[in-house]
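In: sequence and computational prediction follow.
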Amino acid sequence: MATAQSPAAPPTHDLGSGVQPLRAGEGTSFIWRKLHSLSGIVPIGAFLIEHIVSNWEAVKGPVAYGQQVYFLNHLPLVRVLEWVFIFIPLLYHGVYGVYIWLRGQANLVYYPWAGNWLYVTQRYTGLFAFVYIGYHVATQRFMGVDLPNHPAAAFWKVQHELANPWILAFYVVAMIAVCWHFAYGVWLFAAKWGITPGEAARRRFAWVCLVGGVLLAAMGLASIHAFVSQKYSNAPENPLLSYQKTENREQRIEIKGRRAGIKDQRAGVRARSAMIAVRVGLAAGVDC
Amino acid sequence: MATPRIIVVGGGLAGLAAVIKIAEAGGTVDLFSIVPVKRSHSVCAQGGINAAKNLKGEGDTTAQHFDDTIYGGDFLANQTPVKGMCESAPAIIDLLDRMGVPFNRTPEGLLDFRRFGGTLYHRTAFAGATTGQQLLYALDEQVRRYESEGRVKKYEGWEFLSAVIDAKGVARGITALDLRSMELRSFAASAVILATGGIGAIFGKSTNSVVCTGSAQSAVFQQGVYYANGEFIQVHPTSIPGEDKLRLMSESARGEGGRVWVPRTQGDNRLAKQIPDSERFYFLEEWYPKYGNLVPRDVATRAIHKVVYELGLGLDRQPMVYLDLTHLDRETLDRKLGGILEIYEKFVGVDPHVEPMKIFPGMHYTMGGLWVDFNQMTNIPGIFACGECEYQYHGANRLGANSLVSCIFGGFQAGPNAMKYAKSAPAVEGDGGAAAELTRQSGINAELIKSEGTENPFRLWRELGTAMTEHATVIRQNKGLKQADDKILELLDRYKKINLSDRSQWANTSFAFTRQLKNMLELSRTITLGAILRDESRGAHYKPEFPERNDAQFLKTSKASFTGCVQGPRIEYEDVDTQFIKPRPRRYDAVK
Amino acid sequence: MASKTVQFEIKRQASPDAPAVWERFELEWRPGMNVISSMMEIAANPVTAEGKPTTPITYDSNCLEEICGSCAMRINGRARMACSALVDKLEQPIRVEPLSKFPLVRDLQVDRSVLFENLMRVKAWVPVDGTYDLGAGPRVYPQQQEANYPLSNCISCTCCMEVCPQFNEATGFVGAATIAQVRLFNNHPTGKVLKEDRLRALAGDGGIQECGYAQNCVEACPKQIPLTNAIADVGRDVLGQKIKDWLRG
């Protein structure tokens, strides 16, 4: 306790506020931040793997690809699944991710260390991925041929899009960025959630993530290649239509069933009704 | 009655120990420290803390610890408080252990102990080679806990300027300077505890930290507190010479088996590892077969001095000798000495696992300090002192690893005693002299800030350090001491023509330093004059002109009091309490 | 023979609201000199390279052995301890600036008290019953001691906070040092009693979730404290505590 002040106190200066101390136990940022982190793994990461695996069907040609698109679009409650497990999480992960980025203060110039590079890369790849996904979802899901109703046109639609070399380049870079972001995201998740608390564990897991990421990217790029390769050049708008001309109906159903890996009769029946749906749709001229 | 408010000045081990005791007893504390308390000089203590826990089956006892301490201090310490300290040491270690100090352990999970200088027992508990740091943090954490409960208010970045003393000569508070805003204020308290540490800066370069100027001790000395045994300065045998300071190389390096040597032949400039064992002079082991490399510090320091200056065997003819750990197992070294080996490697750029370290003695510690009674109170009622800034526990030479225990024990005494005093102190009349003291201090400040001389304070300080190191450390000659004292007088005179190159009123470090410098100059005369008058050799005080201890004349505490005149402090002598152990000759070349 | 010299560029700022200016200094080279000894030299002769008289530099320092944590500053852009910054190992001119994430006081001196405040908020202490003699402490095996000792070596220099891209005014992130101390005290047999409090505190705004795992902290730490390991471990424990609280709350 001061009992007396000096006669003439010197002029004082206010210090800047600086970084505030921990708000111990207060606020909700913990849950939002953890949800962001988790959403990158499930459902978004899981969906990414599914998507790349599905794309892989493109390597087998337009028919297989169309069938895969058809299959996915006929999952039960598919529109609900799509919004709850894909669009909303993606939107959240992307928007909150940008928010995280804006609050960070990158300092790679002074500290050009590996982890710091990855920190910065994660932000750029994330933003790139977000922009790309926005574009990709808009053009492939909501614009042009409505694929949920016309799954057979999927290969054709993508091929048309990739015919533009700029867009092709965009896809290629985005594929790498997305896989990078995901692979490093998995590594980060393991580190920050305490799954790999040891230096050696993190190093080993980094290899796992690297291999996984490269594999995913390779599969993705192979699919892109399939769309632009000579082999399937000028794929028909509906591959099943040309296919119908050469085969009789029974054979077609059998082949379809086999390709989808569905052996039982019900699958056959479902496949047949699909064909019918496609034909009816075509006949009605809804497609173009 | 309101809870007593007590001021503690200094946030090292002793100060924090006092704070904890006061807060625990229900008092409230204003804690003043130049630096954030976690950055206090106690962090520099490396080797460990002594306590006769006898966990190694050697039959160690607190009585043995007491005897080693008194004998190591060449019988100059008052025996009653030393006995109390040695008896309390085991409980202090237990307490620190409970507070979470990461002491090294035995496989059974018990405390591990190592050997230190001046004893034949494994009596030193340690946390790697950063024991002081770990101990300080443990106390700092407890104080932070009390701070969160509102029992302690910290004034970090404030420098103690003086005590507020009322007309009856009783301390009623302090004045202090905010080193940031340069605001001068007085603070009232029922008692004041000074725990302001060492005085290394008086010697220019030492192993001490930058804040160890002795300025606070000097301020109260100039207000009438006795300064006792000022002439006893410990020079640590093993430090690393540097441009800015002498970095300590812990005694624990020898405690863990480190050996000190030089090549037997003058000018042998082969690499250390090319010199065969037979051509190495392990002089400590040869001269002191019983204690070997673990003789007390004053003995080791003088031996190194002799090897270098009398025998001319310094490495490359420089004042340096080897401290060799290369024969020891790397894993053990890292586990037990990691911290200090890292310091050596970082600052010298040589790996001590591979090459022997090059070391030389450096000023390290003051055994002397503010005179206190057995309750840790100075001769001014209401001013207490504990830790290195007081004189009580180490006599003429401190044993390694005894300083940490004396700091904590001293704080544990000072805290409760100050509380007791505060509860029974007579009520303060008026402001207790605060306004008068503030006026005096602001007068000094005003004078200083407008000084327009030519002398740079930092250069005056260097000259002081050079003179003191040359004449008042390992070897003392009356002629040299006189030269040093004359030099101080000259510097005091030149101080009147000081030039502050910075006149601002915001975080002005030159201003604060220049005030400290004045206090350093005043205090240093207790060292030179005390040493001139003590015509004997005892512990760290060695005069070749008087090589023997002279109990008849000098088994006495020297008490300096400030006079303010050119003749310097007046020195009187007080009998030493030797009721438990009869003084006997101190020899380390044979069993004591 | 002209003597060898050392070039310095030091960022000066007389007060928090004064403009920052760079001053150049040229000092005579001496073996073993470091940034602190150089600034001591400047104090003894406060003249710039241009010959203009100036004031001694205001900076924090104390032990000069890299154990008190005082003298952290940015040297050639990087946060580090000035006492162990040996001139011979630095590129010249040596550019010295204050830490950038803490309120500036003057020149190279900043206010780092936020770390001590954070340590208080996470209750970084062992709550002993009292200082009276209660006998020996809990048994601790050497392996536990060896795990805890490195964490206990933190000198509060705040380098880990300065270099962290997430430690800034927008996030109010607590920083690696405090998280490592939570790890330390949660590991202690008695310190554990406050474990839940500490974990809950670290889930508050500015808590452990703000870590971006750029790992700069562990690179910059002068004491090689395993900060990233501590963040991983504590991150898991905080999450576990939150889940427990949600399920039981």
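Out: Received, thanks.
In: now chain C against chain A: closest residue?
Out: C:R236 (2.3 Å; Cβ to the nearest Cβ). To be clear about C-beta, it is placed using only N, CA and C from the backbone, and glycine gets the same treatment.
In: contact partners for that residue?
Out: The contact partners of C:R236, by Cβ atoms under 8 Å, 6 or more residues apart in numbering or on different chains, come to A:193-195, A:197.
In: how does it look with 10 Å?
Out: A:192-195, A:197, C:208 (Cβ atoms under 10 Å, 6 or more residues apart in numbering or on different chains).
In: likewise C:G32?
Out: C:G32 touches B:240-244, B:347-349, C:86-88, counting by Cβ under 10 Å, 6+ apart.
In: got a winner among the contacts of C:R236 for most neighbours?
Out: C:I208 (28 neighbours; other Cβ atoms under 10 Å in any protein chain shown).
In: how much space is there between the closest residue to it other than its chain neighbours and C:A176?
Out: Once flanking residues are discounted, C:I208 sits nearest to C:L202: 4.8 Å by Cβ to Cβ, 6 or more residues apart in numbering or on different chains. According to Cβ to Cβ, to the nearest Å, C:L202 stands 12 Å off from C:A176.
In: same check on B:V19?
Out: In terms of Cβ to Cβ, B:V19 sits 29 Å off from C:A176.
In: now do B:Y291
Out: 45 Å.
In: higher neighbour count, the two?
Out: Neighbours per residue, other Cβ under 10 Å: of B:Y291 and C:A176, the larger number sits with C:A176, 30 against 23.
In: touching, that one and C:I231? I think so.
Out: Yes: taking contacts as Cβ atoms under 10 Å, C:A176 lies within contact range of C:I231: 6.4 Å.
In: between those two, what contacts are shared?
Out: C:208, C:211, C:215, C:217-218.
In: and which of those residues is nearest chain B?
Out: Closest to chain B, out of all of the shared contacts of C:A176 and C:I231 and judged by Cβ to the nearest Cβ, is C:V218, at 16.6 Å.
In: I figured the closest one was touching C:C211, is that so?
Out: No: here C:V218 does not reach C:C211: they are 11.7 Å apart, not a contact under Cβ under 10 Å.
In: returning to that earlier point: ok but the residue of chain C closest to chain A is inside a strand, no?
Out: No: counting by DSSP: H, G, I helix; E, B strand; the rest coil, C:R236 is not found in a strand; it is helix.
In: what's the spacing between it and chain B?
Out: 22 Å (Cβ to the nearest Cβ, to the nearest Å).
In: before we move on, what about C:V140?
Out: 6 Å.
In: quick one: contacts for residue 211?
Out: In the absence of a named chain, this looks at chain A. A:A183.
In: chain C was what I was after
Out: Contacts of C:C211 (Cβ under 10 Å, 6+ apart): A:33, A:188, A:191-192, C:164, C:166-167, C:171, C:173-176, C:179, C:217, C:227-228, C:231-232, C:234-235.
In: those in helices, which ones?
Out: Among those, the ones falling in helices (DSSP state H) are A:33, A:188, A:191-192, C:176, C:179, C:217, C:227-228, C:231-232, C:234-235.
In: pLDDT added to those residues, as TSV?
Out: Below are these laid out as TSV (pLDDT from 0 to 100):
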residue	pLDDT
A:R33	97
A:L188	98
A:A191	98
A:K192	97
C:A176	98
C:I179	98
C:C217	98
C:L227	98
C:T228	98
C:I231	98
C:A232	98
C:V234	98
C:G235	98
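In: ok, which pair from those is furthest apart?
Out: The distance between the two most remote of the ones in helices among the contacts of C:C211 (Cβ to Cβ) is 19.1 Å, for A:R33 and C:L227.
In: and those two? which has more neighbours close in?
Out: Set A:R33 next to C:L227 and count neighbours by other Cβ under 10 Å: C:L227 wins out with 28 against 20.
In: look up how far A:V19 lies from the more buried one.
Out: In terms of Cβ to Cβ, C:L227 sits 17 Å off from A:V19.
In: any stretches of the chain with poor pLDDT?
Out: All of this refers to chain A. A:1-11, A:239-288 (pLDDT under 70).
In: wait, chain C
Out: C:1-2.
In: leaving out sequence neighbours, find the closest residue to the residue of the stretch 101-250 of chain A found nearest chain C.
Out: Across the stretch 101-250 of chain A, no residue is closer to chain C than A:G194, which sits at 2.3 Å (Cβ to the nearest Cβ). Once flanking residues are discounted, A:G194 sits nearest to C:R236: 2.3 Å by Cβ to Cβ, 6+ apart.
In: and what of B:I444?
Out: B:R515 (7.4 Å).
In: so is that neighbour in a helix, a strand, or just coil?
Out: helix.
In: tell me, what's touching C:V218 and C:C211 both at once?
Out: By Cβ under 10 Å, 6+ apart, the residues touching both C:V218 and C:C211 are C:176, C:227-228, C:231.
In: take those residues and lay them out in TSV including distance to chain A.
Out: What follows is these, written out as TSV (distance: Cβ to the nearest Cβ, whole Å):
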residue	distance to chain A
C:A176	12
C:L227	11
C:T228	7
C:I231	7
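In: now those residues as TSV including distance to B:S278?
Out: Shown next, in TSV, are those (distance: Cβ to Cβ, whole Å):
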residue	distance to B:S278
C:A176	52
C:L227	49
C:T228	51
C:I231	54
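In: can you map out the strands along chain C?
Out: Secondary structure of chain C (DSSP state E): strands at C:5-12, C:21-28, C:72-75, C:78-81, C:94-97, C:104-106, C:109-110.
In: got the CA coordinates for the fifth one in CSV?
Out: What follows is strand C:94-97, C-alpha atoms only, in CSV (Å, rounded to 0.1, in the frame of the first residue of the first chain):
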residue,chain,number,x,y,z
ILE,C,94,23.8,-8.2,-36.5
ARG,C,95,20.3,-6.9,-36.5
VAL,C,96,18.7,-6.8,-33.0
GLU,C,97,15.0,-6.2,-32.4
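In: quick one: strands adjacent to it?
Out: strand C:5-12 (parallel), strand C:72-75 (antiparallel) (DSSP bridges).
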